[in-house]
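K.L.:
pasting the sequence and the predicted coordinates here, then a few questions.
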Amino acid sequence: VAAPLAFVTDFGSADTYAAALVAACWRVDPGLHAIVGMHGVPPGDVLGGAYHVKALAQALPAGAVMCAVVDPGVGTERGAVAVEAGGIRCVAPDNGLLSYLWSEAELQGRRCVALRTPADASATFHGRDVFAPVAARLAVGGRLDEVGAPSLPPALLDDAFARVDRDVVSGVVCVVDGFGNAITTVRSCDVSGRRVAGAEWDGGATMSVVRTYADITNGSLAILLGSAGHWEVAARSQPAASLGGPGRGDVVRVLLA
Amino acid sequence: VAAPLAFVTDFGSADTYAAALVAACWRVDPGLHAIVGMHGVPPGDVLGGAYHVKALAQALPAGAVMCAVVDPGVGTERGAVAVEAGGIRCVAPDNGLLSYLWSEAELQGRRCVALRTPADASATFHGRDVFAPVAARLAVGGRLDEVGAPSLPPALLDDAFARVDRDVVSGVVCVVDGFGNAITTVRSCDVSGRRVAGAEWDGGATMSVVRTYADITNGSLAILLGSAGHWEVAARSQPAASLGGPGRGDVVRVLLA
Amino acid sequence: VAAPLAFVTDFGSADTYAAALVAACWRVDPGLHAIVGMHGVPPGDVLGGAYHVKALAQALPAGAVMCAVVDPGVGTERGAVAVEAGGIRCVAPDNGLLSYLWSEAELQGRRCVALRTPADASATFHGRDVFAPVAARLAVGGRLDEVGAPSLPPALLDDAFARVDRDVVSGVVCVVDGFGNAITTVRSCDVSGRRVAGAEWDGGATMSVVRTYADITNGSLAILLGSAGHWEVAARSQPAASLGGPGRGDVVRVLLA
């Protein structure tokens, strides 16, 4: 039976690109039915994409296949990889999209292969012509060494990783979700067992820590641990930005007790 | 064979939340392939969600399972339920999301059980950690009494139900759809056999009744019976609001002949 | 085994309409699992829909079924058709949505039948009540002549087809994709073997030709051949419109060498 297959892309919902990925998988095997996609990464936002790859990988069962496409360099000489990490296999351009998936997986069992671009691939849509077909082959039983040659580890993004400086963990907002929560690159593992006492950023007052969204005081910002293990700035029933909270790229400092 | 499974949420398309629900189902059974989702309920809009639960339930075959998540109280003591109503089983927070599904179903065959929150559930994402797994269990053959304990009926929203006063049925706009049609809480059953002569609202002129969108006069608003059995205010090839029509929450009075 | 089934509609993601199409298919056969949808055609934009039908058909395997619904005339006397063209069967209102799919397919093997509207169909949602059920019947093995009666070819849109005048091919922008690329009606087949030297439009300077998005000079517009075989105006990592590029409906002239 085929493995479940999950896409993470910046193709949006206004185009045929996302559906064409699924269609390309059916060209490999029309029996591929366990397919899901998240196509709302902001255009070209590789760091945001890396977060979503991680968040979705956490939810998938072991053995699932992912295909991540945020690919402003499509058609150029940028590399393309398939990795095995944390029990998931994932196909992607080699531009940092796998920063979390790769770096947070146990060393043992991590593998990376380099994909070749078929000669007849278009210059503008490798999602359809390269990545989806390879993901489909992996989902129907293909092995990593059948789709590419052993390679160096994938590229990692510097700014995906928070900086720890004594009692302060400094990260950036990598995703603003649909509720307006500002998810940061500061992870539970960066805090490593210490208690979080609050957070601050250059644009506003110090924020207190809460456990649930409903615990946030109306009209104020707070910080809480989100469902993928990243600390996020949130408001009660409104976007954090509507109360002057940080946006994509802004630095947030998580304060340790 | 597994029952079809349909989600209605406010998770939007800019995040991994919607895809994570499907992933969570695959953790229960990777053979769950008949899954569809509508994730465009406005954030936290329980009444809008209740309408969409009803509209989608009408289209599904008997025996289908639904999972509705519009859940601003996630992580608090708010209840969580699974119901059987109208031939559909549906899992949801107990906050009024099931107002129409429950109240419009025949009394016979209606059942409601209360779900328990697993101890290891996150504080911020019960869709992934509670609701989707239960829905998946129901879809693969689980019985309602296996996922929860018998409970009182689910909560109903007062403002889901129009008020009938002689020749006037007063409701509110519960959903503005993507075409800009303003769907109200006034239902065909509220009109119960009488003829609708028009509609009015505080912000504009009296509207006449039409049968199809193409029957609307250019530049004017009209009221028609929508595909889920609710009366809606619409314009020709443009959003009702662009002609000064009512928005979410505005009162609309349907006039009976 | 059922054929893959793909929807192209203007139903958006804020409503239950798209999910209701899938639900309607499951009423025909709950075993229909290979279903994908693109629901982001701008409301009522038949030409944009025609492009997306073509783009998605190109990616699908032969034998797939499509269902296209951009239907401002729903409930009126406008026709409804099912066609076979280019190895794909597609159900749609007869308003020009199949302009490219039909006209670009080989003559041999093209067929068109007219659908009847069931007496109990709603006046406002033929996607759910007419088109999806017919598409589902075709996907599970139904023949074209079982769902309708032989008919004249489907309607074609005049403005779907570029005008060739010696060294200039004039078309219009039919789609602006989520990256802000302005896709035109000028196709590789309109250029037919000649070299493209550039492009111009009334609102700006002449554009040069590039092969990939990454080849575009920062701050300038360029023209390139997109992944469905249409020429498109693009900028580097930003929407073409943000550099004063053409929008939906604007005329673009592709210059031949």
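P.N.:
On my side now, so go ahead. Numbers count the residues shown, from 1 in each chain, chains lettered A, B, ... in the order given.
K.L.:
what residues does the stretch 51-200 of chain A put near chain C?
P.N.:
A:72, A:73, A:74, A:75, A:76, A:122, A:123, A:124, A:125, A:128, A:129 (C-beta under 8 Å from any C-beta of the partner chain). Using the backbone N, CA and C atoms, a C-beta is placed for each residue, glycine as well.
K.L.:
buried residues in stretch A:107-124?
P.N.:
Using 16 or more other C-beta atoms under 10 Å in any protein chain shown as the test for burial, stretch A:107-124 gives A:110, A:112, A:113, A:114, A:115, A:121, A:122, A:123, A:124.
K.L.:
from these, which ones fall inside strands?
P.N.:
A:112, A:113, A:114 (DSSP state E).
K.L.:
closest one of the residues you listed to residue A:161?
P.N.:
Closest approach to residue A:161 among these (C-beta to C-beta): residue A:112, at 18.7 Å.
K.L.:
so for the closest one, what's the pLDDT?
P.N.:
The pLDDT attached to residue A:112 in the predicted structure is 98.
K.L.:
one step back: buried ones among the residues of the stretch 51-200 of chain A next to chain C?
P.N.:
A:72, A:73, A:74, A:75, A:122, A:123, A:124, A:125, A:128, A:129.
K.L.:
just to check, the second one is in contact with residue A:96?
P.N.:
The one in question is residue A:73. No: look at residue A:73 against residue A:96 with C-beta atoms under 8 Å: they stay out of range, at 11.1 Å.
K.L.:
which residues in the stretch 1-150 of chain A form strands?
P.N.:
Applying DSSP state E, counting those that start in this stretch to the stretch 1-150 of chain A gives strands spanning A:5-9, A:35-38, A:65-69, A:80-85, A:88-93, A:111-114, A:149-150.
K.L.:
who does the fifth one touch, helix- and strand-wise?
P.N.:
Pointing back at strand A:88-93 there. Judged by 3 or more C-beta pairs under 8 Å, 6 or more residues apart in numbering or on different chains; DSSP states H and E, strand A:88-93 is in contact with helix A:46-59, strand A:65-69, strand A:80-85, helix A:132-139.
K.L.:
flag the least confident of the buried ones among the residues of the stretch 51-200 of chain A next to chain C.
P.N.:
residue A:75 (83).
K.L.:
just the pLDDT for the closest residue to it other than its chain neighbours.
P.N.:
Leaving aside its sequence neighbours, residue A:75 sits nearest to residue C:212 (C-beta to C-beta, 6 or more residues apart in numbering or on different chains; 3.2 Å). We have a pLDDT of 93 for residue C:212.
K.L.:
from what I can see residue C:212 touches residue A:76, true?
P.N.:
Yes: using C-beta under 8 Å, residue C:212 is in contact with residue A:76, at 6.0 Å.
K.L.:
who's in contact with the residue nearest to residue A:75?
P.N.:
A:74, A:75, A:76, A:123, A:124, C:224 (C-beta atoms under 8 Å, 6 or more residues apart in numbering or on different chains).
K.L.:
widest-spaced pair of the residues you listed?
P.N.:
A:76 and C:224 (13.1 Å).
K.L.:
helices of chain A, residue ranges please.
P.N.:
Using DSSP state H, the helices of chain A run over residues A:17-28, A:46-59, A:99-103, A:126, A:132-139, A:144-147, A:188-191.
K.L.:
the longest strand in chain A is where?
P.N.:
Longest strand in chain A, counting by DSSP E: strand A:168-176.
K.L.:
partners of that strand in the sheet?
P.N.:
Sheet partners assigned to strand A:168-176 using DSSP bridges are listed as strand A:163-165 (antiparallel), strand A:182-187 (antiparallel), strand A:251-256 (antiparallel).
K.L.:
next one: the shortest one to chain centre, how far?
P.N.:
Spelled out, it's strand A:163-165. 22 Å (C-alpha atoms, centre = their mean, to the nearest Å).
K.L.:
how about it: buried residues?
P.N.:
Under 16+ other C-beta under 10 Å, the buried positions of strand A:163-165 are residue A:164.
K.L.:
correct me, but residue A:173 touches residue A:184?
P.N.:
Yes: at 5.5 Å, residue A:173 and residue A:184 qualify as touching, with contact defined as C-beta under 8 Å.
K.L.:
comparing the two, which residue is more hemmed in?
P.N.:
Legend: neighbour count by other C-beta atoms under 10 Å in any protein chain shown for residue A:173 and residue A:184, higher for residue A:184 (29 against 26).
K.L.:
do you know how far the more buried one is from chain C?
P.N.:
The span separating residue A:184 from chain C equals 24 Å under the rule C-beta to the nearest C-beta, to the nearest Å.
K.L.:
and the residue of the stretch 101-250 of chain A nearest chain C?
P.N.:
Per C-beta to the nearest C-beta, residue A:125 is where the stretch 101-250 of chain A lies closest to chain C, at 3.5 Å.
K.L.:
can you name the residue of the stretch 51-200 of chain A nearest chain B?
P.N.:
The stretch 51-200 of chain A approaches chain B most closely through residue A:178 (3.2 Å), counting by C-beta to the nearest C-beta.
K.L.:
so for that residue, what's the nearest residue that isn't a sequence neighbour?
P.N.:
What sits nearest to residue A:178 in space, not counting adjacent residues and going by C-beta to C-beta, 6+ apart, is residue B:12, at 3.2 Å.
K.L.:
out of the strands of the stretch 1-150 of chain A, nearest to residue B:86?
P.N.:
Nearest of the strands of the stretch 1-150 of chain A to residue B:86, taken as C-beta to C-beta: strand A:35-38 at 27.4 Å.
K.L.:
for chain A, which spans come out with low pLDDT?
P.N.:
Within chain A, no range satisfies pLDDT under 70.
K.L.:
at 90 what do you get?
P.N.:
Scanning chain A for pLDDT under 90 picks out the ranges A:1, A:14, A:72-78, A:117-124, A:192-193, A:203-205.
K.L.:
need the residues of it near chain B, please.
P.N.:
So chain A meets chain B at A:1, A:3-4, A:6, A:8, A:12-13, A:33-34, A:36-40, A:42, A:52, A:55-56, A:58-61, A:64, A:175, A:177-180, A:211-215, A:224-228, A:237 (C-beta under 8 Å from any C-beta).
K.L.:
swap the cut-off to 6 Å and go again
P.N.:
Residues of chain A that fall close to chain B, judged by C-beta under 6 Å from any C-beta of the partner chain: A:4, A:13, A:33-34, A:36, A:38, A:40, A:52, A:55-56, A:59-61, A:177-179, A:211-212, A:214, A:226-227, A:237.
K.L.:
who are the contact partners of residue A:7?
P.N.:
Contacts for residue A:7 (C-beta atoms under 6 Å, 6 or more residues apart in numbering or on different chains) come out as A:21, A:37, A:67.
K.L.:
what do you get if the cut-off is 7 Å, keeping everything else the same?
P.N.:
The contact partners of residue A:7, by C-beta atoms under 7 Å, 6 or more residues apart in numbering or on different chains, come to A:21, A:37, A:38, A:39, A:67.
K.L.:
now do residue A:246
P.N.:
A:173, A:182, A:201, A:203, A:233, A:252.
K.L.:
now with 10 Å, please.
P.N.:
Residues counted as contacts of residue A:246 (C-beta atoms under 10 Å, 6 or more residues apart in numbering or on different chains) are A:172-173, A:176, A:182, A:184, A:199, A:201-204, A:207, A:221, A:233, A:240, A:252.
K.L.:
before we move on, back to that, redo the contacts of residue C:212 as CSV? Include distance to residue A:144.
P.N.:
Formatted as CSV, the contacts of residue C:212 follow (distance: C-beta to C-beta, whole Å):
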residue, distance to residue A:144
A:74, 22
A:75, 25
A:76, 24
A:123, 26
A:124, 27
C:224, 33
